[in-house]
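K.L.:
Structure for the following, please:
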Amino acid sequence: MRPPPAATSTNPASKRAGLPEANEAPTPTAQAPQGGEAARTGARSEPQASEAANVTSVRGDQLARQWQMIQRLAKSRFGISLDALAEELGCVRRTVYRDLDALMLAGFPVVSEKRDGRVYYRFLDSFQLGDVPFTSDEILALAFGEDLLRALEGTVFHDSIGSAIAKIRAGLSPELSDYLGRLGEAFRVLPGPHKNYAHLRETIQTLNDAVLGRRTVRIRYRTGRSGAVTTRELDPYRVWYRAGGLYVVGLDHHSEEIRTFAVDRIRRIEATPERFTRDPDFDFDAYIGSSFGVISEPATAVRILFEKRWASYVEERTWHPSQRLTPRPGGRLLLTMEVGGTAELRTWILSFGSGAEVLEPAALRDDVLSELKGALQRYEERPEKRGRGRRAPRLQGGAAR
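P.N.:
Model prediction:
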(Lines give C-alpha, C1' and ligand atoms only; values in the text may rest on other atoms or scores of the structure.)
Protein backbone atom coordinates (compact mmCIF):
# COMPACT_ATOMS: atom_id res chain seq x y z
CA MET A 1 0.00 0.00 0.00
CA ARG A 2 1.69 3.20 -1.14
CA PRO A 3 0.75 6.87 -0.64
CA PRO A 4 0.85 8.85 -3.87
CA PRO A 5 4.12 10.69 -4.39
CA ALA A 6 2.30 13.97 -5.04
CA ALA A 7 0.97 14.06 -1.52
CA THR A 8 2.58 17.05 0.13
CA SER A 9 1.06 18.21 3.39
CA THR A 10 1.79 19.82 6.70
CA ASN A 11 -1.19 18.04 8.22
CA PRO A 12 -0.26 14.67 9.77
CA ALA A 13 -3.70 13.23 9.02
CA SER A 14 -3.41 14.29 5.39
CA LYS A 15 0.01 12.69 5.11
CA ARG A 16 -1.29 9.32 6.32
CA ALA A 17 -3.74 9.04 3.41
CA GLY A 18 -1.74 10.93 0.84
CA LEU A 19 -4.02 13.97 0.78
CA PRO A 20 -2.73 17.26 -0.60
CA GLU A 21 -2.87 20.19 1.79
CA ALA A 22 -5.37 22.73 0.54
CA ASN A 23 -4.04 26.28 0.38
CA GLU A 24 -6.74 28.34 1.97
CA ALA A 25 -6.99 32.05 2.55
CA PRO A 26 -7.24 33.03 6.22
CA THR A 27 -10.78 33.37 7.49
CA PRO A 28 -11.63 37.00 8.20
CA THR A 29 -12.29 37.78 11.83
CA ALA A 30 -15.74 39.19 12.53
CA GLN A 31 -15.61 42.66 14.02
CA ALA A 32 -17.87 43.61 16.89
CA PRO A 33 -20.13 46.60 16.29
CA GLN A 34 -18.49 49.81 17.41
CA GLY A 35 -21.55 51.90 18.02
CA GLY A 36 -25.20 52.45 17.35
CA GLU A 37 -28.17 50.41 18.52
CA ALA A 38 -26.67 47.07 17.61
CA ALA A 39 -23.63 47.78 19.77
CA ARG A 40 -25.75 48.86 22.72
CA THR A 41 -28.26 46.03 22.62
CA GLY A 42 -26.24 43.23 21.09
CA ALA A 43 -28.98 42.86 18.48
CA ARG A 44 -28.09 41.05 15.29
CA SER A 45 -28.74 42.83 12.02
CA GLU A 46 -30.60 41.09 9.20
CA PRO A 47 -27.42 40.47 7.14
CA GLN A 48 -25.70 39.00 10.19
CA ALA A 49 -28.67 36.74 10.94
CA SER A 50 -28.72 35.63 7.31
CA GLU A 51 -24.99 34.89 7.44
CA ALA A 52 -25.46 32.79 10.58
CA ALA A 53 -28.26 30.85 8.93
CA ASN A 54 -26.03 30.23 5.90
CA VAL A 55 -23.23 28.94 8.15
CA THR A 56 -25.66 26.51 9.79
CA SER A 57 -26.89 25.35 6.40
CA VAL A 58 -23.35 24.83 5.08
CA ARG A 59 -22.40 22.91 8.23
CA GLY A 60 -25.42 20.65 7.77
CA ASP A 61 -24.57 20.00 4.11
CA GLN A 62 -20.98 19.15 5.03
CA LEU A 63 -22.01 16.63 7.69
CA ALA A 64 -24.53 14.99 5.36
CA ARG A 65 -21.90 14.75 2.61
CA GLN A 66 -19.33 13.26 4.98
CA TRP A 67 -21.91 10.74 6.17
CA GLN A 68 -22.42 9.61 2.57
CA MET A 69 -18.65 9.39 2.15
CA ILE A 70 -18.35 7.15 5.21
CA GLN A 71 -20.94 4.76 3.84
CA ARG A 72 -19.31 4.76 0.39
CA LEU A 73 -15.82 4.04 1.73
CA ALA A 74 -17.16 1.26 3.94
CA LYS A 75 -18.74 -0.48 0.94
CA SER A 76 -15.68 -0.08 -1.30
CA ARG A 77 -13.48 -3.11 -0.72
CA PHE A 78 -10.85 -2.15 -3.30
CA GLY A 79 -11.11 1.60 -2.84
CA ILE A 80 -12.73 4.44 -4.77
CA SER A 81 -11.02 7.16 -6.74
CA LEU A 82 -11.13 10.88 -5.99
CA ASP A 83 -13.03 11.66 -9.18
CA ALA A 84 -15.63 8.98 -8.46
CA LEU A 85 -16.18 10.36 -4.96
CA ALA A 86 -16.54 13.89 -6.29
CA GLU A 87 -19.10 12.75 -8.85
CA GLU A 88 -21.16 10.71 -6.40
CA LEU A 89 -21.16 13.44 -3.75
CA GLY A 90 -21.81 16.24 -6.24
CA CYS A 91 -18.81 18.35 -5.28
CA VAL A 92 -15.34 19.29 -6.51
CA ARG A 93 -12.09 17.40 -5.82
CA ARG A 94 -10.91 20.04 -3.35
CA THR A 95 -14.02 19.44 -1.21
CA VAL A 96 -13.41 15.68 -1.25
CA TYR A 97 -9.84 16.26 0.00
CA ARG A 98 -11.16 18.35 2.90
CA ASP A 99 -13.81 15.80 3.84
CA LEU A 100 -11.33 12.92 3.78
CA ASP A 101 -9.00 14.91 5.98
CA ALA A 102 -11.85 15.67 8.39
CA LEU A 103 -12.76 11.99 8.65
CA MET A 104 -9.18 11.02 9.47
CA LEU A 105 -8.96 13.70 12.12
CA ALA A 106 -12.14 12.20 13.59
CA GLY A 107 -10.38 8.83 13.87
CA PHE A 108 -11.55 6.99 10.75
CA PRO A 109 -8.71 4.80 9.34
CA VAL A 110 -8.72 6.07 5.75
CA VAL A 111 -5.87 4.66 3.65
CA SER A 112 -4.89 5.22 0.04
CA GLU A 113 -3.09 3.23 -2.64
CA LYS A 114 -1.99 4.05 -6.15
CA ARG A 115 -2.95 1.76 -9.03
CA ASP A 116 -2.46 2.46 -12.72
CA GLY A 117 -1.57 6.06 -12.02
CA ARG A 118 -4.71 6.76 -9.94
CA VAL A 119 -5.17 7.03 -6.17
CA TYR A 120 -7.91 4.99 -4.47
CA TYR A 121 -9.25 5.50 -0.94
CA ARG A 122 -10.85 3.05 1.47
CA PHE A 123 -10.96 2.02 5.11
CA LEU A 124 -8.48 -0.42 6.62
CA ASP A 125 -9.55 -4.04 6.15
CA SER A 126 -9.74 -4.52 9.93
CA PHE A 127 -12.11 -1.58 10.39
CA GLN A 128 -15.74 -2.52 11.11
CA LEU A 129 -18.27 0.23 10.53
CA GLY A 130 -21.24 -1.53 12.09
CA ASP A 131 -24.81 -1.92 10.91
CA VAL A 132 -26.04 1.47 9.67
CA PRO A 133 -29.50 1.14 8.07
CA PHE A 134 -30.10 4.90 8.16
CA THR A 135 -29.38 7.85 5.89
CA SER A 136 -27.94 11.10 7.23
CA ASP A 137 -31.38 12.73 6.99
CA GLU A 138 -32.90 9.90 9.05
CA ILE A 139 -30.20 10.26 11.71
CA LEU A 140 -30.87 13.99 11.89
CA ALA A 141 -34.60 13.31 12.14
CA LEU A 142 -34.00 11.00 15.11
CA ALA A 143 -31.88 13.66 16.80
CA PHE A 144 -34.57 16.25 16.06
CA GLY A 145 -37.21 13.94 17.48
CA GLU A 146 -35.29 13.51 20.71
CA ASP A 147 -35.00 17.29 21.05
CA LEU A 148 -38.65 17.89 20.19
CA LEU A 149 -39.68 15.48 22.94
CA ARG A 150 -37.28 16.95 25.49
CA ALA A 151 -40.24 18.76 27.07
CA LEU A 152 -41.56 15.28 27.96
CA GLU A 153 -38.33 14.11 29.56
CA GLY A 154 -38.94 11.42 32.14
CA THR A 155 -41.99 10.06 30.29
CA VAL A 156 -42.32 7.08 27.96
CA PHE A 157 -42.41 9.38 24.92
CA HIS A 158 -38.97 10.93 25.43
CA ASP A 159 -37.29 7.97 27.06
CA SER A 160 -38.33 5.57 24.29
CA ILE A 161 -36.75 7.56 21.47
CA GLY A 162 -33.64 8.05 23.61
CA SER A 163 -33.49 4.30 24.12
CA ALA A 164 -33.86 3.69 20.37
CA ILE A 165 -30.99 6.05 19.57
CA ALA A 166 -28.81 4.37 22.24
CA LYS A 167 -29.48 0.95 20.66
CA ILE A 168 -28.48 2.28 17.23
CA ARG A 169 -25.20 3.67 18.57
CA ALA A 170 -24.44 0.45 20.46
CA GLY A 171 -24.08 -1.43 17.18
CA LEU A 172 -21.67 1.08 15.63
CA SER A 173 -17.94 1.45 15.74
CA PRO A 174 -16.62 3.98 18.29
CA GLU A 175 -15.51 6.33 15.50
CA LEU A 176 -18.91 6.27 13.83
CA SER A 177 -20.74 6.60 17.14
CA ASP A 178 -18.76 9.76 17.93
CA TYR A 179 -19.40 11.06 14.44
CA LEU A 180 -23.15 10.51 14.80
CA GLY A 181 -23.00 12.47 18.04
CA ARG A 182 -21.55 15.45 16.17
CA LEU A 183 -24.06 14.96 13.38
CA GLY A 184 -26.92 15.21 15.87
CA GLU A 185 -25.39 18.31 17.44
CA ALA A 186 -25.31 20.14 14.11
CA PHE A 187 -28.96 21.07 14.60
CA ARG A 188 -30.80 21.65 17.86
CA VAL A 189 -34.41 22.17 18.79
CA LEU A 190 -34.96 23.97 22.08
CA PRO A 191 -38.39 23.51 23.66
CA GLY A 192 -40.37 26.59 24.59
CA PRO A 193 -42.26 27.04 27.87
CA HIS A 194 -43.66 23.66 28.91
CA LYS A 195 -44.95 21.69 31.84
CA ASN A 196 -42.94 19.08 33.73
CA TYR A 197 -44.31 15.55 33.33
CA ALA A 198 -41.54 13.47 34.86
CA HIS A 199 -43.61 12.83 38.01
CA LEU A 200 -46.63 11.77 35.92
CA ARG A 201 -44.95 8.86 34.19
CA GLU A 202 -47.37 6.26 35.61
CA THR A 203 -50.39 8.45 34.80
CA ILE A 204 -49.27 8.79 31.19
CA GLN A 205 -48.56 5.06 30.91
CA THR A 206 -52.02 4.23 32.26
CA LEU A 207 -53.64 6.60 29.78
CA ASN A 208 -51.65 5.14 26.88
CA ASP A 209 -52.63 1.60 27.85
CA ALA A 210 -56.27 2.64 28.19
CA VAL A 211 -56.28 4.31 24.76
CA LEU A 212 -54.76 1.25 23.08
CA GLY A 213 -56.85 -1.26 25.05
CA ARG A 214 -60.01 0.91 24.93
CA ARG A 215 -60.57 0.70 28.65
CA THR A 216 -62.52 3.20 30.71
CA VAL A 217 -60.50 5.00 33.39
CA ARG A 218 -61.60 6.61 36.63
CA ILE A 219 -59.87 9.89 37.41
CA ARG A 220 -59.75 12.52 40.13
CA TYR A 221 -59.52 15.77 38.20
CA ARG A 222 -58.91 19.38 39.23
CA THR A 223 -60.57 21.97 37.03
CA GLY A 224 -58.46 24.95 35.97
CA ARG A 225 -60.87 27.78 36.71
CA SER A 226 -62.45 26.88 40.04
CA GLY A 227 -59.85 24.43 41.34
CA ALA A 228 -62.63 22.00 42.30
CA VAL A 229 -61.65 18.33 42.34
CA THR A 230 -64.18 15.80 41.04
CA THR A 231 -64.24 12.07 40.32
CA ARG A 232 -65.37 11.01 36.87
CA GLU A 233 -65.08 8.19 34.40
CA LEU A 234 -63.54 8.77 31.00
CA ASP A 235 -63.28 6.80 27.76
CA PRO A 236 -59.91 8.08 26.49
CA TYR A 237 -59.75 8.38 22.70
CA ARG A 238 -56.38 10.01 22.24
CA VAL A 239 -53.45 11.57 24.14
CA TRP A 240 -51.99 14.61 22.38
CA TYR A 241 -49.38 17.29 22.91
CA ARG A 242 -49.98 20.97 22.24
CA ALA A 243 -48.14 24.17 23.20
CA GLY A 244 -46.07 22.66 26.01
CA GLY A 245 -48.87 20.54 27.49
CA LEU A 246 -50.23 16.99 27.32
CA TYR A 247 -53.97 16.45 26.96
CA VAL A 248 -56.38 13.55 26.70
CA VAL A 249 -59.60 13.77 24.74
CA GLY A 250 -62.47 11.34 25.16
CA LEU A 251 -66.05 10.73 26.26
CA ASP A 252 -66.69 12.15 29.72
CA HIS A 253 -69.35 10.00 31.45
CA HIS A 254 -70.22 12.86 33.80
CA SER A 255 -71.27 15.32 31.08
CA GLU A 256 -71.86 12.68 28.39
CA GLU A 257 -69.84 14.87 26.01
CA ILE A 258 -66.48 14.69 24.27
CA ARG A 259 -64.15 16.70 26.51
CA THR A 260 -60.47 17.57 26.71
CA PHE A 261 -58.57 17.15 29.98
CA ALA A 262 -55.11 18.40 30.93
CA VAL A 263 -52.99 15.42 31.98
CA ASP A 264 -51.15 17.36 34.69
CA ARG A 265 -54.47 18.12 36.45
CA ILE A 266 -55.25 14.44 36.91
CA ARG A 267 -54.71 13.83 40.61
CA ARG A 268 -55.36 10.09 40.53
CA ILE A 269 -56.12 7.53 37.83
CA GLU A 270 -57.07 3.87 37.71
CA ALA A 271 -58.09 1.63 34.86
CA THR A 272 -61.45 -0.08 35.19
CA PRO A 273 -62.32 -3.52 33.78
CA GLU A 274 -64.91 -1.90 31.52
CA ARG A 275 -64.17 -1.65 27.81
CA PHE A 276 -65.65 1.02 25.57
CA THR A 277 -66.47 1.30 21.90
CA ARG A 278 -65.19 4.47 20.33
CA ASP A 279 -67.76 6.71 18.66
CA PRO A 280 -67.35 5.92 14.93
CA ASP A 281 -68.32 9.50 14.05
CA PHE A 282 -65.54 11.03 16.13
CA ASP A 283 -62.88 12.71 13.98
CA PHE A 284 -59.98 14.04 16.03
CA ASP A 285 -58.71 16.36 13.30
CA ALA A 286 -62.19 17.83 12.85
CA TYR A 287 -62.59 18.11 16.63
CA ILE A 288 -59.52 20.31 17.03
CA GLY A 289 -59.66 21.84 13.54
CA SER A 290 -61.38 25.06 14.56
CA SER A 291 -59.47 25.44 17.85
CA PHE A 292 -56.89 28.17 18.15
CA GLY A 293 -55.33 26.22 21.00
CA VAL A 294 -56.72 23.35 23.04
CA ILE A 295 -60.30 24.41 23.79
CA SER A 296 -62.80 23.15 21.23
CA GLU A 297 -65.46 25.74 20.45
CA PRO A 298 -67.55 26.61 17.37
CA ALA A 299 -65.51 28.61 14.87
CA THR A 300 -66.19 32.28 14.31
CA ALA A 301 -64.75 34.86 11.92
CA VAL A 302 -61.88 36.79 13.51
CA ARG A 303 -60.05 39.80 12.04
CA ILE A 304 -56.99 41.30 13.72
CA LEU A 305 -54.98 44.27 12.46
CA PHE A 306 -51.26 44.26 13.34
CA GLU A 307 -49.01 47.29 13.36
CA LYS A 308 -45.95 47.43 11.12
CA ARG A 309 -43.52 46.36 13.85
CA TRP A 310 -45.33 43.03 14.21
CA ALA A 311 -46.19 42.43 10.54
CA SER A 312 -43.14 40.32 9.64
CA TYR A 313 -43.39 38.25 12.81
CA VAL A 314 -47.03 37.38 12.14
CA GLU A 315 -46.56 36.86 8.41
CA GLU A 316 -43.70 34.40 8.84
CA ARG A 317 -45.75 31.95 10.90
CA THR A 318 -48.77 29.71 10.48
CA TRP A 319 -51.12 30.42 13.35
CA HIS A 320 -54.11 28.47 12.07
CA PRO A 321 -54.89 26.51 8.88
CA SER A 322 -57.72 28.93 8.03
CA GLN A 323 -55.61 32.08 8.22
CA ARG A 324 -55.49 34.67 5.44
CA LEU A 325 -53.01 37.54 5.41
CA THR A 326 -53.69 40.85 3.73
CA PRO A 327 -51.14 43.71 3.59
CA ARG A 328 -52.54 47.09 4.63
CA PRO A 329 -51.27 50.66 4.10
CA GLY A 330 -48.37 51.80 6.25
CA GLY A 331 -46.86 48.32 6.48
CA ARG A 332 -49.67 46.97 8.63
CA LEU A 333 -51.06 43.44 8.24
CA LEU A 334 -54.60 42.07 8.50
CA LEU A 335 -55.01 38.51 9.79
CA THR A 336 -58.32 36.76 9.15
CA MET A 337 -59.18 33.35 10.65
CA GLU A 338 -62.13 31.06 11.38
CA VAL A 339 -61.35 29.85 14.90
CA GLY A 340 -62.78 28.92 18.27
CA GLY A 341 -61.26 29.08 21.73
CA THR A 342 -61.90 32.69 22.70
CA ALA A 343 -59.94 32.60 25.97
CA GLU A 344 -56.76 31.31 24.34
CA LEU A 345 -57.14 33.70 21.41
CA ARG A 346 -57.60 36.67 23.75
CA THR A 347 -54.41 35.82 25.65
CA TRP A 348 -52.48 35.56 22.39
CA ILE A 349 -53.76 38.92 21.13
CA LEU A 350 -52.85 40.64 24.41
CA SER A 351 -49.26 39.41 24.04
CA PHE A 352 -48.83 41.93 21.21
CA GLY A 353 -49.74 44.86 23.46
CA SER A 354 -50.74 47.93 21.48
CA GLY A 355 -49.47 46.32 18.29
CA ALA A 356 -52.70 44.37 17.62
CA GLU A 357 -56.29 45.55 17.25
CA VAL A 358 -59.31 43.22 17.09
CA LEU A 359 -61.70 44.37 14.37
CA GLU A 360 -64.17 41.52 14.83
CA PRO A 361 -65.98 39.85 16.43
CA ALA A 362 -67.29 42.61 18.67
CA ALA A 363 -67.41 40.37 21.75
CA LEU A 364 -63.70 39.53 21.44
CA ARG A 365 -62.85 43.18 20.85
CA ASP A 366 -64.74 44.13 24.03
CA ASP A 367 -62.95 41.40 26.01
CA VAL A 368 -59.52 42.60 24.90
CA LEU A 369 -60.46 46.24 25.56
CA SER A 370 -61.62 45.33 29.06
CA GLU A 371 -58.34 43.54 29.80
CA LEU A 372 -56.27 46.47 28.52
CA LYS A 373 -58.28 48.94 30.60
CA GLY A 374 -57.79 46.78 33.66
CA ALA A 375 -54.04 46.59 33.04
CA LEU A 376 -53.83 50.37 32.55
CA GLN A 377 -55.73 50.96 35.77
CA ARG A 378 -53.41 48.66 37.69
CA TYR A 379 -50.30 50.39 36.38
CA GLU A 380 -51.72 53.84 37.15
CA GLU A 381 -52.69 52.88 40.69
CA ARG A 382 -49.42 51.09 41.45
CA PRO A 383 -46.72 52.77 39.37
CA GLU A 384 -43.45 50.93 39.19
CA LYS A 385 -40.94 52.56 41.47
CA ARG A 386 -37.56 53.24 40.01
CA GLY A 387 -34.41 52.68 42.00
CA ARG A 388 -36.02 50.36 44.53
CA GLY A 389 -34.06 49.60 47.66
CA ARG A 390 -31.15 51.40 49.25
CA ARG A 391 -28.23 52.46 47.18
CA ALA A 392 -25.25 50.19 47.63
CA PRO A 393 -22.55 51.73 49.87
CA ARG A 394 -19.35 52.86 48.23
CA LEU A 395 -16.33 50.72 48.89
CA GLN A 396 -12.90 52.12 49.68
CA GLY A 397 -9.95 49.92 50.50
CA GLY A 398 -12.25 46.89 50.66
CA ALA A 399 -14.45 48.31 53.45
CA ALA A 400 -17.79 50.11 53.44
CA ARG A 401 -17.61 53.74 54.46
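
K.L.:
just the helices in the chain please.
P.N.:
Counting by DSSP state H, the chain has helices at residues 12-17, 36-41, 46-75, 82-89, 93-105, 136-148, 156-170, 174-185, 201-213, 284-289, 308-315, 342-350, 362-381.

K.L.:
Report the buried residues of the strand ranked longest in the chain.
P.N.:
Assignment by DSSP state E gives strand 229-242 as the longest strand of the chain. Residues Glu233, Leu234, Asp235, Pro236, Tyr237, Arg238, Val239, Tyr241 are the ones in strand 229-242 that count as buried (16 or more other CB atoms under 10 Å). Glycine gets a C-beta too; all of them are placed from N, C-alpha and C.

K.L.:
who does that strand pair up with?
P.N.:
The pairing partners recorded for strand 229-242 under DSSP bridges are strand 215-222 (antiparallel), strand 245-252 (antiparallel).

K.L.:
contacts for that strand?
P.N.:
Among residues not part of strand 229-242, those counted as contacts by CB atoms under 8 Å, 6 or more residues apart in numbering are 151-152, 157, 204, 207-208, 210-211, 214, 216-223, 246-254, 258-259, 261, 263, 267, 272, 276, 278, 282, 284, 288, 293-294.

K.L.:
mind redoing it with 6 Å?
P.N.:
Residues outside strand 229-242 that contact it (CB atoms under 6 Å, 6 or more residues apart in numbering) are 207, 210-211, 216-222, 247-254, 276, 278, 284, 294.

K.L.:
which among the residues you listed end up buried?
P.N.:
For the contacts of strand 229-242, a neighbour count by 16+ other CB under 10 Å gives the buried set as 207, 210-211, 216-217, 219, 221, 247-252, 276, 294.

K.L.:
State the mean pLDDT of the longest strand of the chain.
P.N.:
Along strand 229-242, the predicted confidence averages to a pLDDT of 93.

K.L.:
Just give the number of residues close to the spatially closest residue to Ala102 that is not a sequence neighbour.
P.N.:
Counting by CB to CB, 6 or more residues apart in numbering, the nearest residue to Ala102 once its immediate chain neighbours are dropped is Gln66, at 6.4 Å. When neighbours are defined as other CB atoms under 10 Å, Gln66 has 22 of them.

K.L.:
Can you read off the pLDDT for Gln66?
P.N.:
Looking at Gln66, its pLDDT is 79.

K.L.:
isn't it right up against Asp99?
P.N.:
Yes. In this structure, Gln66 is within contact of Asp99 by CB atoms under 6 Å, at 5.1 Å.

K.L.:
residues near Ala154, how many?
P.N.:
Rather than Ala, residue 154 is Gly. Residue neighbour count, defined by other CB under 10 Å, stands at 14 for Gly154.

K.L.:
try Asp101
P.N.:
21.

K.L.:
cool, and Glu357?
P.N.:
By the other CB under 10 Å criterion, the neighbourhood of Glu357 contains 17 residues.

K.L.:
Not counting residues beside it along the chain, what's closest to it?
P.N.:
Distances taken as CB to CB, 6+ apart place Leu305 nearest to Glu357, at 4.7 Å, with adjacent residues excluded.

K.L.:
Kindly state the beta-bridge partners for the one you found.
P.N.:
Applying DSSP bridges to Leu305 gives these bridge partners: Leu334, Glu357.

K.L.:
Would you mind measuring from it to Gly340?
P.N.:
Counting by CB to CB, to the nearest Å, the gap from Leu305 to Gly340 is 21 Å.

K.L.:
which of those two has more neighbours?
P.N.:
Gly340 (19 against 15).

K.L.:
what's the closest residue to the more buried one other than its chain neighbours sitting at in phi/psi?
P.N.:
Nearest non-adjacent residue to Gly340, counting by CB to CB, 6+ apart: Glu297, 3.2 Å away. Taking degrees, to the nearest 10, you get phi -140, psi 160 for the backbone angles of Glu297.

K.L.:
mind checking pLDDT for Glu297?
P.N.:
You'll see Glu297 listed with a pLDDT of 83.

K.L.:
What separation do you get for the residue nearest to Glu357 and Arg65?
P.N.:
With CB to CB as the criterion, Leu305 and Arg65 are 47 Å apart.

K.L.:
burial of Val96, as a residue count?
P.N.:
23.

K.L.:
Let me fix that, I meant to ask about Lys373.
P.N.:
Residue crowding around Lys373 was assessed by other CB under 10 Å; the count is 10.

K.L.:
and what of the one 4 residues further on?
P.N.:
By the criterion of other CB under 10 Å, Gln377 has 10 neighbours.

K.L.:
I'd assumed Phe123 was in contact with Ser112.
P.N.:
No. At 11.0 Å, Ser112 does not count as touching Phe123 under the criterion of CB under 6 Å.
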